[in-house]
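Colleague: Requesting a structural model of the entry that follows:
(2 chains)
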Protein chains: 2
Amino acid sequence: MGGEFDLVILGAGSAGYVGAIRAAQLGMKVLVLDPEPPGGTCLHNGCIPTKALLEVSGFLRSLNEAERFGVSVPSFTIDGEKLFSFRGGIHDRLTRGIESLFKKHGILHLRSRGALCGPGLVRTLEENSQEFRTRFVLLATGSRPRSLPGVPFDGHRIVSSTDLLAIKEFGGRLAIVGGGAIGCEFADILSSFGSNVLLLERESRLLPSEDRELGMVLEKEISGMGVEVRTGILALSISPDPSGVSISFGNPGGKKEEARVERVLVAIGRAPVSEGLGLESVGLSHRKGENLTVGPRGETEAPGVYVAGDLAGSYQLAHKASHEAVVAVETMAGLDPRPLDPHLVPRVVYTHPEVVSIGWVKEEAEQQGFSISEGRFPLMANGRSLIEGNRRGFFKVISDRASGRILGFHGIGPHVSEMIATVAAAMAGKEGVKAVSEAIFPHPSVSEAIHEAFLDLTGHAIHR
Amino acid sequence: MGGEFDLVILGAGSAGYVGAIRAAQLGMKVLVLDPEPPGGTCLHNGCIPTKALLEVSGFLRSLNEAERFGVSVPSFTIDGEKLFSFRGGIHDRLTRGIESLFKKHGILHLRSRGALCGPGLVRTLEENSQEFRTRFVLLATGSRPRSLPGVPFDGHRIVSSTDLLAIKEFGGRLAIVGGGAIGCEFADILSSFGSNVLLLERESRLLPSEDRELGMVLEKEISGMGVEVRTGILALSISPDPSGVSISFGNPGGKKEEARVERVLVAIGRAPVSEGLGLESVGLSHRKGENLTVGPRGETEAPGVYVAGDLAGSYQLAHKASHEAVVAVETMAGLDPRPLDPHLVPRVVYTHPEVVSIGWVKEEAEQQGFSISEGRFPLMANGRSLIEGNRRGFFKVISDRASGRILGFHGIGPHVSEMIATVAAAMAGKEGVKAVSEAIFPHPSVSEAIHEAFLDLTGHAIHR
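Modeller: So this is what the prediction gives:
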């Protein structure tokens, strides 16, 4: 028997480590089980390393665009090793940061995989397995890249986003299957590093689950980077061999095309890690690769067992996972936290320019029976955006005509990831459209265009 | 007699042109008098041209810093003419934008200076003066750079920010008198373009009216750009001659130092333009270079005469001017707009990194008798900020312990101008600290650090 805890958390990712810290703040004795250093997919193979690469791709793109203000940069060189250690430095610093927070809060992290082995019991999955008694369990094992049926990842020719992040040299021709957030971000990164990128999306536009216009504007931007974007196109066969990959694709009922590439990045989504968790020992059922069914605060049918993050379903986003973990842990501690409303989770694609969404797209809001007002503002009419070289971006807000409730907000433009919290905070509050409309926005800023889109709901945007 | 209007506006700047558009939206017949194209100081000599230059200075700075991620840029050239036309292009586009909004709304703009000439009467100040009858007048004549006593601007050796924006070649040694927003922004611009800058501030720190730590961190950043920053230092004498300027300076009671520079930028503030407006014809008194006394909605003691923008006092900021004009015009139209609360006006310094403030600094809040809570978060612990290369930044929020009301927010970091609206909107609403604390912020973003600073108010920031 390895000891007794108030809470054992399986997984030290965005849900697990944040839940551990919040639980410790609330006085709980916490054990975290994860074979990897803390941080999870986000820190090791997701958000952080891709955003580090996107910082560089944004810089490389700015070199090409500097002629617009009269600066010529005749040449530049990239040192792959230095780039790798830039990423490594950020990764190591953030990892050490979490480790020191664990230490400060008295959180024990064992570098083992863990599983439930009965009500109130968790064990490590090793030869000399340890068993722990605990009041609560938080399952936060996250997700892994989904592969295409019959085309397994080999880490070299058929790669996931995780595999690609380990590669130091980019270049050559590469196909990306999937035009969602991950596919688009890698298209941005790889094309700026000199890859010749073919991006295939089976739906009729990029970011098919988001507002229609976002994908259309993003397609123009990404095509402008030299990426060959093909939408409404299925990958029909993908055949790796020692020297490359042959890929055939086409639209259903249309003619078949062939391409020869060095690598294929499969970015068709991520599958929750639900196997090997001992769920049956507490009476929970599951299907491999699917999320568990949970209540509004992450509770399961097994007493004391909660779920947070990708394993809990809905958006696979770090901030959603962290927020869910806080809600679950506060519930364990007897507080009465507001359940996470997926409607209030901002979604970002960190391409150049960035794409943001929160709440419903227009069609969803209409399906819900709302009579909607739409306000919009083009960034072409925003001074700061012109200065930053963006003319295609826009903001769009959808509200309930009757109540003034904000139903959704969608935008594309420079640095918009840093602005979406303005709308997220207003949506979390009770004042709706009024909260944003009555605020004073600084001039000049791209954020002013949020204000204008909100004023446009009632027809009194100033610059439209 | 030139005609009858509902509203005549003197000045087509951020207050005047926005007031004109809002008035037209409300059905008023509007005449704007300004000898210049619409846009005012902000568009022609202020925010927009400086931010265009700061976009370039930020880019030049990024060239030096790209080694951090392994990109070497051995050389670059700046084409001064192209840089000038980049600024010109943005300027022209925004000016034409306002002109077309005037046209669309049926707003008449006469390119003349105007003045009151009796109750309900305005005339143009030209040889063939026209006179107009109007129900309302909005005085929005703005401000101009203040000179040092005995050291008039000559446009060449002793220059204002306006003069400096007309210069195409930077370089050589230059002194800036005044370490407020304008002085710091020009120190950033000029040093990145190769000037050797001496920045003198008579108070003990840069941005002396803002939070103590902001000026201290900004001083480190600006010194790191190669600017020689001297605080607690008075300019004792400034003597221009044909080949340059001799300047002597020192701290009161300390030893005197001498410097020889090519130019001196005097950035000690701006004086409202209150002369020549015919105020006496409607019974209003004024002192040259001082703002008028106005009520909470810009009203004066003269019936129907309102003031907005720099001439109304308080912060000399474009967005404050625009907001005041909207309030004044809505009041004229019989609406009941919420008066502008200076407490809710965000203040930005667009240096690299940017500085933001809203509401009171700690000392002011304490003087008001509040028992305050302080929450803070260092950007060193924020992943996105590390990726963007900023480790010195921070956010700080001050709230009323009793009510949870947000009293002030202060920050320095990358792109923070785009984030301050999140706090501004929460301060405009009624939910205070709760509105920001309960929102979900996207990861990774610098804006998450706002969330953490707010959580820190009650001791439950996650990453601190």
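Colleague: which residues touch A:Val423?
Modeller: Applying C-beta atoms under 8 Å, 6 or more residues apart in numbering or on different chains to A:Val423 gives the contacts A:346, A:358, A:397, A:406, A:409, A:436, A:450. Glycine gets a C-beta too; all of them are placed from N, C-alpha and C.
Colleague: Once you drop chain neighbours, what's closest to the fourth one?
Modeller: Ranked by C-beta to C-beta, 6 or more residues apart in numbering or on different chains and with sequence neighbours excluded, the top spatial neighbour of A:Ile406 is A:Met427, at 5.0 Å.
Colleague: ok, back up a step: of the contacts of A:Val423, which belong to strands?
Modeller: A:358, A:397, A:406, A:409 (DSSP state E).
Colleague: all helices of the stretch 251-400 of chain A, in order?
Modeller: A:318-332, A:362-367, A:383-387 (DSSP state H, counting those that start in this stretch).
Colleague: Quick one, which of the ones you listed gets closest to chain B.
Modeller: helix A:318-332 (4.1 Å; C-beta to the nearest C-beta).
Colleague: Need the pLDDT of the closest residue to chain B within the stretch 101-250 of chain A.
Modeller: Closest approach of the stretch 101-250 of chain A to chain B (C-beta to the nearest C-beta) occurs at A:Leu101, with a separation of 6.8 Å. Per-residue pLDDT puts A:Leu101 at 98.
Colleague: Show me the domain layout of chain A.
Modeller: As assigned by automatic domain parsing, chain A contains the domains A:3-145+A:271-342, A:158-268, A:353-456.
Colleague: Of the ones you listed, flag the one that's most buried.
Modeller: Comparing these by mean neighbour count (mean count of other C-beta atoms under 10 Å in any protein chain shown), domain A:353-456 comes out on top with a mean of 23.
Colleague: quick revisit: can you pull the contacts of the residue of the stretch 101-250 of chain A closest to chain B?
Modeller: Counting by C-beta under 8 Å, 6+ apart, A:Leu101 touches A:17, A:21, A:107, B:462-463.
Colleague: Likewise for A:Leu344?
Modeller: So A:Leu344 contacts A:358-359, A:424, A:427-428, B:439-440 (C-beta under 8 Å, 6+ apart).
Colleague: and if you look at A:Ala259?
Modeller: So A:Ala259 contacts A:173, A:175, A:198, A:246-249 (C-beta under 8 Å, 6+ apart).
Colleague: For it, name its beta-bridge partners.
Modeller: Under the criterion DSSP bridges, A:Ala259 forms beta bridges with A:Ile247.
Colleague: residues making contact with the helix or strand harbouring A:Lys51?
Modeller: Using DSSP states H and E, A:Lys51 falls within helix A:47-65. With contact meaning C-beta under 8 Å, 6+ apart, helix A:47-65 is reached by A:39, A:42, A:73, A:76, A:83, A:86-87, A:90-91, A:94, A:161, A:165, A:182, A:185-186, A:188-189, A:191-193, A:225, A:318, A:350-352, A:389, B:59, B:62, B:66, B:69-71, B:73, B:383-384, B:387-388, B:443-444.
Colleague: list the helices and strands the helix or strand just after it packs on?
Modeller: Sequence-wise, the next helix or strand downstream of helix A:47-65 (DSSP H and E) is strand A:71-72. Packing partners of strand A:71-72 (3 or more C-beta pairs under 8 Å, 6 or more residues apart in numbering or on different chains; DSSP states H and E): helix B:47-65, strand B:77-78.
Colleague: what's strand A:71-72 in contact with?
Modeller: A:66, B:56, B:59-60, B:76-79, B:83.
Colleague: That one pairs with which strands?
Modeller: Here strand A:71-72 is paired, per DSSP bridges, with strand B:77-78 (antiparallel).
Colleague: Now find how far off-centre the strand it pairs with is within its chain.
Modeller: How far strand B:77-78 lies from its chain's middle: 29 Å, per C-alpha atoms, centre = their mean, to the nearest Å.
Colleague: Flag the shaky bits of chain A, pLDDT-wise.
Modeller: Applying pLDDT under 70 to chain A flags residues A:1.
Colleague: Quick check, central residue of it?
Modeller: By C-alpha atoms, centre = their mean, chain A has its centre lying nearest to A:Leu317, at 4.2 Å.
Colleague: Around chain B, which positions in the stretch 101-250 of chain A sit nearby?
Modeller: Selection of the stretch 101-250 of chain A residues close to chain B by C-beta under 8 Å from any C-beta of the partner chain yields A:Leu101.
Colleague: Break down the stretch 101-250 of chain A into its helices, ranges please.
Modeller: A:161-165, A:181-192, A:212-224.
Colleague: Surely A:Ile21 forms part of a helix?
Modeller: Yes: the assignment for A:Ile21 is a helix, going by DSSP: H, G, I helix; E, B strand; the rest coil.
Colleague: what separates A:Gly250 from A:His463, distance-wise?
Modeller: Separation of A:Gly250 from A:His463 (C-beta to C-beta, to the nearest Å) stands at 45 Å.
Colleague: my bad, should have said A:Leu190
Modeller: Applying C-beta to C-beta to A:Leu190 and A:His463 gives a distance of 37 Å.
Colleague: leaving aside the residues next to it on the chain, what's closest to A:Asp310?
Modeller: That would be A:Ser143: by C-beta to C-beta, 6+ apart, it lies 3.8 Å from A:Asp310.
Colleague: How about A:Ser160?
Modeller: A:Pro145 (3.6 Å).
Colleague: who's in contact with the one you found?
Modeller: Taking C-beta under 8 Å, 6+ apart as the test, what A:Pro145 contacts is A:153, A:160-162, A:266-267, A:269-271.
Colleague: Could you do A:Pro208 as well?
Modeller: A:179-180, A:201, A:215.
Colleague: circling back: and the contacts of A:Ala259, which is closest to B:Arg297?
Modeller: A:Leu198 (59.7 Å; C-beta to C-beta).
Colleague: any idea how far the closest one is from A:Ser57?
Modeller: In this view, A:Leu198 and A:Ser57 are 18 Å apart by C-beta to C-beta.
Colleague: got a list of what A:Ala20 touches?
Modeller: A:7, A:9, A:12, A:30, A:32, A:102, A:105, A:107.
Colleague: Dihedrals phi and psi, the fifth one?
Modeller: Same thing as A:Val32. Dihedral pair for A:Val32: phi -110, psi 130, per degrees, to the nearest 10.
Colleague: follow-up on the earlier one: make CSV out of the helices of the stretch 251-400 of chain A and add distance to B:Ser285.
Modeller: As requested, these are arranged in CSV below (distance: least, C-beta to C-beta, whole Å):
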stretch, distance to B:Ser285
helix A:318-332, 57
helix A:362-367, 56
helix A:383-387, 37
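Colleague: for the ones you listed, which one sits closest to B:Leu311?
Modeller: helix A:383-387 (22.6 Å).
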